[in-house]
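Chemist: model this:
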Amino acid sequence: MIFVLFGESHLAPGHLPRVLRQAMPEAKILTVLQNIDALYWRAAGERADKVEAVRVNDEVICVFNATLLEKYESYRLFLDQWSRCDTGPDFAPTIYNLIDSLATFLEINRYSPHNGTQPKFLIDMLPEVYGNAHGQSSDAMLRRLLSRKGIDEAQLEAMLASVAERGSAYLPQVNAFHIREFKMMSAAEDAARFLHHACRGLPHRLNGHAASDTSSLIPIDDFYRRVIEHAVAYFGSRVLHPARPEPETDDSPALSRTGLEKAAQAAIRSDAAKSDASAEEWGYRLGSQIYKVYLAGKVKPSGVRRLFLARLEAPGAARKVCTAVIARVRSALR
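Modeler: Now for the predicted structure:
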């Protein structure tokens, strides 16, 4: 016969488990804990990429089915919902927490007055967050915001389709998050995308053009730029959400400068959808390799910060950055 007792405080060792042992001294009692902070951080130091469970003793195990960030954001969202019964949850604090956590990891000074080794006045760049808390009009609000930036209807529909598929999206054109459904993996990636744009000077202007403007790039430069953007987005998402699976590479060519150059040439001859898919695939693979190098202790957060700050707007700049990163990664993983 098996009895299952589910709960929190009343299942502490001095409560129901002690009563059970007194009443049923011969019975086998197993306590399953979830996401205990101290155990989570101890398991995070293991060489394994992801520790799913640990044994505390013969009668106690602890499973990890969420990061601590997810755990406490879940608590916060429930408390927020209980206090705001007439509206949906407010995701802005969650997004700002993700951004702040990644900035802390990268050793970013949020108040830096220069845009060299640090993003300039990051604290003043935080994005707007639109979502369920704004009601059914959030899509209409997004349409109005983007139409003012000259986004055509086809691009707008593609953005909304991406939001529907992923749950959320960061839109650099208006420096805003649009959220329909909170998904940790997507939100973590989008937080990294925002930080990458902010590090490159999102709100500042040079010679009448935004410092991060890439509209004048030739197609091959634009492809390399997108690869870097996807790479840092994937890396940041793994830092914030280590449970994210690695990209599938079974049928993919080896990650090399030659392989990427061939992919770039093919991409500029393809339609926009295929080019975007190729840039995302190569970017995710490169980001995954950077994460492995970080786990191996071969690169420090400050080193990755330099990649977030790299300028990609000049002709040939993004290609040069891609080549250097691939060479560094391959050397570190040998």
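Chemist: what about residue 184, distance to residue 271?
Modeler: 32 Å (CB to CB, to the nearest Å). (Each C-beta comes from the backbone N, C-alpha and C, glycine too.)
Chemist: Equivalent analysis for residue 144, please.
Modeler: 29 Å.
Chemist: List the buried residues for stretch 248-255?
Modeler: residue 255 (16 or more other CB atoms under 10 Å).
Chemist: Surely residue 219 touches residue 266?
Modeler: No - between residue 219 and residue 266 there is no contact under CB atoms under 8 Å: 11.6 Å.
Chemist: Comparing residue 184 and residue 271, which shows the higher neighbour count?
Modeler: residue 184 (21 against 8; other CB atoms under 10 Å).
Chemist: And the more buried one, how far from residue 91?
Modeler: 12 Å.
Chemist: Contacts for the host helix or strand of residue 178, please.
Modeler: Here residue 178 sits within strand 176-179, counting by DSSP states H and E. For strand 176-179, contacts defined as CB atoms under 8 Å, 6 or more residues apart in numbering pick out 91, 95, 127-132, 138, 142, 145, 159, 163, 167-171, 187, 190, 194.
Chemist: Put the buried members of those into a ChimeraX selection.
Modeler: Buried members of the contacts of strand 176-179, defined by 16+ other CB under 10 Å, are picked up in ChimeraX with:
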select :91,95,127,129,130,131,132,138,142,145,159,163,167,168,169,170,171,187,190,194
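Chemist: Sort out which of the contacts of strand 176-179 are in helices and list them.
Modeler: 95, 138, 142, 145, 159, 163, 187, 190, 194 (DSSP state H).
Chemist: Run through the strands of this structure in chain order.
Modeler: Counting by DSSP state E, residue ranges of the strands within the chain are 31-34, 53-57, 60-63, 128-130, 168-171, 176-179, 205-206, 209-210.
Chemist: quick one: the closest residue to residue 187 other than its chain neighbours from residue 162, how far?
Modeler: With sequence-adjacent residues excluded and distances taken as CB to CB, 6 or more residues apart in numbering, residue 187 is closest to residue 168, at 5.6 Å. Using CB to CB, residue 168 is found at 9 Å from residue 162.
Chemist: In this structure, where is pLDDT below threshold?
Modeler: Filtered on pLDDT under 70, the chain yields the residue ranges 1, 8, 44-49, 75-88, 132-138, 203-216.
Chemist: Which parts of the protein belong to which domain?
Modeler: Listed by automatic domain parsing, the domain ranges of the chain are 9-65, 67-208, 214-334.
Chemist: Centre of the chain to the first one, how far?
Modeler: Meaning domain 9-65. Offset of domain 9-65 from its chain centre (CA atoms, centre = their mean, to the nearest Å): 29 Å.
Chemist: Could you do the longest one as well?
Modeler: Averaging C-alpha coordinates over domain 67-208 and over its chain gives two centres that are 11 Å apart (CA atoms, centre = their mean).
Chemist: Going along the chain, name the helices of the stretch 1-150 of the chain.
Modeler: All helices of the stretch 1-150 of the chain, identified by DSSP state H, counting those that start in this stretch, fall at 16-23, 37-43, 68-83, 92-105, 138-147.
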